[in-house]
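Novice: need a structure here:
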Amino acid sequence: MAEPDFIAALKALVNDPAARNLDDDAAVLEVGGETLILTHDTLVQGVHVREDENPADIAWKLIAVNLSDLAAKGAKPLGVLVSHMLGDGDARFVEGLGEILQEYDVPLLGGDTVSAEGRRVWGCTAIGRATHTPVPDRRAAQPGDGVYVTGSLGRAMLGFEEDRRFDKAYRRPEPRLREGELLAPLVSAMMDISDGLLLDSLRMAEASGVGIELESGSIPVADPSRRDDCIRWGDDYELLFTLPEGVADPVPATRIGSVNPRTDASLFLDGEPLGRADKLGYSH
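Specialist: Here you go, the predicted model:
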């Protein structure tokens, strides 16, 4: 199965509203008067990180991509559980893990270790506490909203290509936790950009049942000469969000488009309709 087909099959098993029909970045679970956010991501050697990546950087990225999902919900991290496949550089992995846990003041709560042949795989479950309810949802963009993005896109792509200016953007992304908390009370919809701006914008539009119109010239990119690559490559972990007209943006961000009623397509770039067949971003 392709990734969208597998997720569609899983939806038949979902019967708890906490799962948000598998259409969002994380699960939202009400427990004892608290609203908890739970998310899980996996990194695969040679797919999400280079074959020869420094294990310390792998540990950083593993935690960062999960914290980015919490950021998209405006959540405060409560802790992580880590799955590690033993092999070369285990001590360096622990070193990098300690660095990011200290940087973001996140407790390590547990996890698992395994040993096996083949490509190495790492997993992380992150748990957070909502700082605002209702918790932001990628399914709630409304016609008339503006579409915004934090940061500049394509930095991770250039870092992967060994542009020294953006080296850390690929190896050690910085989750937008503070921005997520500030945005949570104001946004109509929010998610992080992991698989490319175009693909993730399409996902938000489809989940919300609206159309999103993006203006390519307004999108901040790290290399304007490669604008198309920058908005498709992914791994940036910036926040993509929508705000109602008249609501002031509380964080540094750029308006890149508008939300419109759904027509014959969910995503438009400079007036042209785009679909999944257009290779909008990264998909397994």
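Novice: could you use CA atoms for every contact and neighbour count after this?
Specialist: OK.
Novice: residue 145 reaches residue 243, doesn't it?
Specialist: Yes: the criterion here is CA atoms under 8 Å, and residue 145 meets it with residue 243 at 5.2 Å.
Novice: which residues are common contacts for those two?
Specialist: Common contact partners of residue 145 and residue 243 (CA atoms under 8 Å, 6 or more residues apart in numbering): residue 188.
Novice: what sits against residue 21?
Specialist: For residue 21, the contact set (CA under 8 Å, 6+ apart) comprises 11, 14, 15.
Novice: same list, those residues, but as a markdown table with neighbour count please.
Specialist: Output for these, formatted as a markdown table (neighbours: other CA atoms under 10 Å):
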| residue | neighbour count |
| --- | --- |
| 11 | 14 |
| 14 | 13 |
| 15 | 10 |
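Novice: what sits closest to residue 210 if chain neighbours are left out?
Specialist: Leaving aside its sequence neighbours, residue 210 sits nearest to residue 262 (CA to CA, 6 or more residues apart in numbering; 4.2 Å).
Novice: do you know how far residue 51 is from residue 121?
Specialist: Distance, residue 51 to residue 121, by CA to CA, to the nearest Å: 11 Å.
Novice: beta partners for residue 127?
Specialist: For residue 127, the beta-bridge partners are residue 38, residue 79 (DSSP bridges).
Novice: related to what we said a few turns ago, okay, residue 51 and residue 121: which has more neighbours?
Specialist: The residue with more neighbours, out of residue 51 and residue 121, is residue 121; 18 against 12, by other CA atoms under 10 Å.
Novice: run through the residues that contact the more buried one.
Specialist: Contact analysis of residue 121 by CA under 8 Å, 6+ apart lists 42, 43, 44, 45, 84, 85.
Novice: mind running it again at 10 Å?
Specialist: Taking CA atoms under 10 Å, 6 or more residues apart in numbering, we find residue 121 in contact with 42, 43, 44, 45, 46, 47, 48, 83, 84, 85, 86, 114.
Novice: mind giving me the ChimeraX select for the residues you listed, buried ones only?
Specialist: Buried residues among the contacts of residue 121 (16 or more other CA atoms under 10 Å), as a ChimeraX selection:
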select :42,43,45,83,84,85,86
